[in-house]
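S.K.: Fold the following for me, if possible:
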Amino acid sequence: MTRSAPHSIRVGVRTRSIDESRLRYLKQLGVDDVYLDHSSVDEERDFVETAEDVDSVVIDGDVIPTVEQLQTAREQVEAAGLRLAGIHSLPYSTYGPIKFGQPEAEERTELIATLIRRIGEAEIPILGYQWNPRGVVPMRTTTTAQVRGAAQATGFDLEEVSVDAAVMEREYDEAEMWEYYEQFIEAVVPVAEDAGVRMALHPIDPPGIADYGGIPRLFRNVAAFERAMEIRPSDAHGLKLCLGCFSQIGEDIPELIRRFGERDQIVFVHFRDVEGTVPQFRETFVDCGNYSGYRAMEALAETGFTGSVLPDHVPEVEGDTEWSHRARGFTIGYLRGLIDAVEETVPRPV
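M.R.: Residues are numbered from 1 along each chain as shown. The predicted structure is shown next:
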């Protein structure tokens, strides 16, 4: 049986490759939206503007894709019956100088503004980004944590982190870091408004840690997300709401969703979970963990959310591929089941 209309809540997948076989696989699983992960300069796969098959687009340092490259990627995704919903994220190599107020900050801010204009011209509606310091606190301290059935997953233990105090040339205070971020938002959000692009901010991972090695970690809690949205309130700026990150600090996930969803500030969702909380946790299957997946999806439906929910990190299961086709496939099926369940029972807001 084929549905006559797509789900109100859509299933999306982040992927660096958009070759024919990857897209066909996603379509077979019932995916709606593709979020394109960038490649670095070193990983560029002989891509030229006239290529018939695009693996990815390069965003790295001061290198960004042309409008033609973005359009070619969008057309390739659409040819598979999918939608290129967004560029998933910006690399640290591009925004790092802005974050620390370094000499290239103004130049990089304009580069990102140019990228936003090009994304809009290519009719791609979303640009995700994050604002994480690098080289101080690792995102995870293990990749071999044991979860259901001896599947391997990533984990974090703060006691295993040793701080490299020489990561930056000096220490920074939080007020200074907020000033740099606010300057960035004031510069790029008006560009996004004009371009018809929604920017989506991801929390720091792991959250809940205020400062390490003299580097403040701004987007570590709900209050920081609210402050970010208040700098310049706009439909063009919202959240890449990573449920796993907020689960890592013990937030009430349905309440969190309602808090931002009722303000229409959720652009898209990373739908994943963990067992435990900071300072010690491990990632797990989407149907395990700290919160109820059904209650989270129910809250999204109740707030009228019509964007994408994405698998993010997945455990390593028996016989899987490097890209985790099996584990991602399981997660996609679970998300589609949750969407079916809530849309049968939860009335949409009028």
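S.K.: Can you show me the strands along the chain?
M.R.: 10-15, 33-36, 83-87, 126-129, 142-146, 152-157, 198-201, 211-212, 215-216, 237-242, 266-270, 273-277, 280-284, 308-310 (DSSP state E).
S.K.: Of those strands, which stretch is the most buried?
M.R.: strand 308-310 (a mean of 27; mean count of other CB atoms under 10 Å). Bear in mind the C-beta positions are built from the backbone N, C-alpha and C, glycine included.
S.K.: which regions of this structure sit below the pLDDT cut-off?
M.R.: By pLDDT under 70, the low-scoring segments of the chain are 1-7, 43-54, 135-136, 163-167, 350.
S.K.: Helices of that one, residue ranges please.
M.R.: Taking DSSP state H, the helices of the chain run over residues 20-28, 67-79, 92-99, 105-121, 174-195, 222-231, 243-247, 253-261, 293-302, 325-345.
S.K.: most tightly surrounded among those?
M.R.: It is helix 243-247: most buried of the helices of the chain by mean count of other CB under 10 Å, with a mean of 25.
S.K.: Next up, the contacts around the closest residue in space to residue 80 that isn't next to it in sequence.
M.R.: Using CB to CB, 6 or more residues apart in numbering and skipping residues adjacent in sequence, the residue nearest residue 80 is residue 23, 3.7 Å away. Contacts for residue 23 (CB atoms under 8 Å, 6 or more residues apart in numbering) come out as 34, 76-77, 80, 82.
S.K.: 10 Å instead, please
M.R.: 13, 15, 17, 31, 34, 53, 76-82 (CB atoms under 10 Å, 6 or more residues apart in numbering).
S.K.: got JSON lines for the residues you listed, with distance to residue 59 too?
M.R.: Formatted as JSON lines, the contacts of residue 23 follow (distance: CB to CB, whole Å):
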{"residue": "13", "distance to residue 59": "19"}
{"residue": "15", "distance to residue 59": "15"}
{"residue": "17", "distance to residue 59": "15"}
{"residue": "31", "distance to residue 59": "23"}
{"residue": "34", "distance to residue 59": "16"}
{"residue": "53", "distance to residue 59": "19"}
{"residue": "76", "distance to residue 59": "17"}
{"residue": "77", "distance to residue 59": "17"}
{"residue": "78", "distance to residue 59": "21"}
{"residue": "79", "distance to residue 59": "23"}
{"residue": "80", "distance to residue 59": "22"}
{"residue": "81", "distance to residue 59": "26"}
{"residue": "82", "distance to residue 59": "21"}
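S.K.: do you know which of the strands of the chain lies nearest residue 327?
M.R.: Of all the strands of the chain, strand 152-157 sits nearest to residue 327, with 9.6 Å by CB to CB.
S.K.: Might you report the residue contacts of residue 339?
M.R.: Listed by CB under 10 Å, 6+ apart, the contact set of residue 339 reads 7-11, 30, 297, 300-301, 309.
S.K.: is residue 215 in a bridge, and if so with what?
M.R.: Residue 215 has these beta-bridge partners by DSSP bridges: residue 212.
S.K.: Same check on residue 157?
M.R.: residue 280.
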